[in-house]
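K.L.:
How does the following fold in three dimensions:
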Amino acid sequence: MPNILQYAGQGLFYAAVAAAVGYFAANPIWRQVPDGDAQIKLAIAHSGRPVRDCHRLSPEELAKLPSTERRPSNCTRERLPVKIELTVDGKVLYEDVLPPTGWSRDGVSRAYRKFLVPAGPHVIDLGLTDSGRIEGFDYTARLAVDLKPWQNLAIDFNAEQGGFIFR
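P.N.:
Model (predicted):
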């Protein structure tokens, strides 16, 4: 039969464990973004245009195909890569050519990157090409922003909404 000393010892042990957990839950203080810096997060998930336009099959070409493969158009699934560029205050922070995903190279091109910048005013320029063009961009955006310390600026892309979205 347990006595009062065993209960008191068990209570002291639980109190010590709770105090240690409470201390380490608040200390040491850790910040994901250092003092005086802000964070820019770039998240892109966009499909490039098809590599080739659909080809409308002529009646002669349709006749040559087996009856189970006859369709009016011959369209490729493969997509072009997406080119992205992020510039902050005239300095290129990120530039990449994102290949399409999937076995048939027909999926979306994806990128997710984080950048630490000093807090304060910045001019952010973005460009994205999904058509395979060599010079220039299909979509561009410019944002003048005053970032506060520890602020997160999220940049997304949606072609249906006009391009780049800043949050």
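K.L.:
May I have the strands that pair with the worst-scoring helix or strand of the chain on mean pLDDT, each with its orientation?
P.N.:
The helix or strand of the chain with the poorest confidence is strand 73-74; it has a mean of 80 (mean pLDDT, DSSP states H and E). With DSSP bridges as the test, strand 73-74 is paired with strand 55-56 (antiparallel).
K.L.:
Just the buried residues of the helix or strand immediately after the partner strand in the chain, please?
P.N.:
Next along the chain after strand 55-56, taking DSSP states H and E as the criterion, comes helix 59-64. Residues of helix 59-64 include none that count as buried (16 or more other C-beta atoms under 10 Å). Placement of C-beta: from N, CA and C, glycine included.
K.L.:
and helix 59-64, what does it pack onto?
P.N.:
When contacts are defined as 3 or more C-beta pairs under 8 Å, 6 or more residues apart in numbering; DSSP states H and E, helix 59-64 packs onto no helix or strand at all.
K.L.:
can you dump the C-alpha coordinates of that helix into PDB?
P.N.:
These are the backbone C-alpha positions of helix 59-64, laid out as PDB (Å, rounded to 0.1, in the frame of the first residue of the first chain):
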ATOM      1  CA  PRO A  59     -10.300  12.500 -94.200                       C
ATOM      2  CA  GLU A  60      -7.400  10.700 -95.800                       C
ATOM      3  CA  GLU A  61      -5.400  10.700 -92.600                       C
ATOM      4  CA  LEU A  62      -8.500   9.500 -90.600                       C
ATOM      5  CA  ALA A  63      -9.000   6.600 -93.100                       C
ATOM      6  CA  LYS A  64      -5.400   5.400 -92.500                       C
END
